[in-house]
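Visitor: output the structure for:
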Amino acid sequence: MLQRIRDKTYLIKGSPNTLLYENHDRIFVIDPGSELDRGKLIMKEVAENFKNKKIEVLLTHSHSDHVAALATLSENIAPYISEQEISSLVDIKTRRALTYSSSTPSNILYRFVDYAPEKFKSFKLGSEIEDIKTIDLRGHSLGHSGFLTSDGVLYTGDSFFGDKLISSVGVPYYLNYEDTIFSFKKLKEIINKDFVVVMAHGPVMKYKEALNILDLNIKLMEEIKEKVLNFSGLTAEEITYRLLKTANVNITESSLVLSGVTIRSILGYLTREGFMQTKVDEKGIVWVKKSH
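Guide: Just a heads-up that it's a prediction; the model follows:
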């Protein structure tokens, strides 16, 4: 179950993947995951392979599929999380509102577990925790962080996605389009031949594969932006539905809501840049391409 990928860094596969990083008398667990019994699995692996070492937890962000396993990991752990993510980590209603942009009915929630830790430790994006560097990779969430270990493992969390997940969702979830593009460019600069790159939902990669998948994400978001720009006179939900239909993915209430967050972010960007404008009719707010 435990796979060694560098001198001090180990992988527990999943969706999300979980990293274990060994540092002196401690083990840093990065993104424990969503299934409640996964915490027990992590505890078992630590007990068998790293006896008597204290567990610390690093979270890339506060989404439930990365946080919920804390419930069975240990009640005494105060996870590290960026300052921007604190409110949604510790308050479940805030987490729902920020993730779904509304108070969404429970039947529409995707892998949402009502768990929040009572204690936490915060960090500034770009700071260091022991010998682990935190990297500002905002876009998927307000304060999403990547982590770079001292032995050259770069954990990118949900800052970009593997091709299998992209194929299954059609429109990946990003809360802020502009921050997402900025993080893509930053990753292009950061990733080098010495790194092993681990994304939360995707493979463990070396230099060339990581850059290829990153380029796939960049191309996809550019294509989605151009497709959005070519729709006119539709609501955000109508645009989202048509894009998901074109991508030939299973369309559910949850996928419409989550992909709709991305689409509304792109629409906001295009409007601020002067490419689109809004008007109100009986359908609600419709987005209209500006003629230049």
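Visitor: using CSV, write out every CA atom in the helix or strand of the chain with the lowest mean pLDDT.
Guide: One helix or strand of the chain scores below all others by mean pLDDT, DSSP states H and E: helix 92-100, with a mean of 81. What follows is helix 92-100, C-alpha atoms only, in CSV (Å, rounded to 0.1, in the frame of the first residue of the first chain):
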residue,chain,number,x,y,z
ILE,A,92,-19.0,23.4,7.3
LYS,A,93,-21.7,25.8,6.1
THR,A,94,-19.0,28.2,4.9
ARG,A,95,-17.3,25.3,3.1
ARG,A,96,-20.5,24.4,1.3
ALA,A,97,-21.2,28.0,0.3
LEU,A,98,-17.6,28.6,-1.0
THR,A,99,-17.5,25.2,-2.9
TYR,A,100,-20.9,25.4,-4.5
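Visitor: what distance do you get for the residue positioned nearest the centre of the chain to N23?
Guide: Centroid-nearest residue in the chain, with CA atoms, centre = their mean: D158, separated by 2.7 Å. Counting by CB to CB, to the nearest Å, the separation of D158 from N23 is 24 Å. (Each C-beta comes from the backbone N, C-alpha and C, glycine too.)
Visitor: what does Y173 give?
Guide: For Y173 relative to N23 (CB to CB), the value is 31 Å.
Visitor: the two: which is more packed in?
Guide: Taking other CB atoms under 10 Å, Y173 and N23 do not tie; Y173 has more neighbours (22 against 17).
Visitor: phi first, then psi, for the more buried one.
Guide: Dihedral pair for Y173: phi -80, psi 120, per degrees, to the nearest 10.
Visitor: excluding its backbone neighbours, what's nearest it?
Guide: Closest residue to Y173 apart from its sequence neighbours, by CB to CB, 6 or more residues apart in numbering: L258 at 5.0 Å.
Visitor: now for the one you found: which residues touch it?
Guide: Listed by CB atoms under 8 Å, 6 or more residues apart in numbering, the contact set of L258 reads 99-100, 110, 169, 173.
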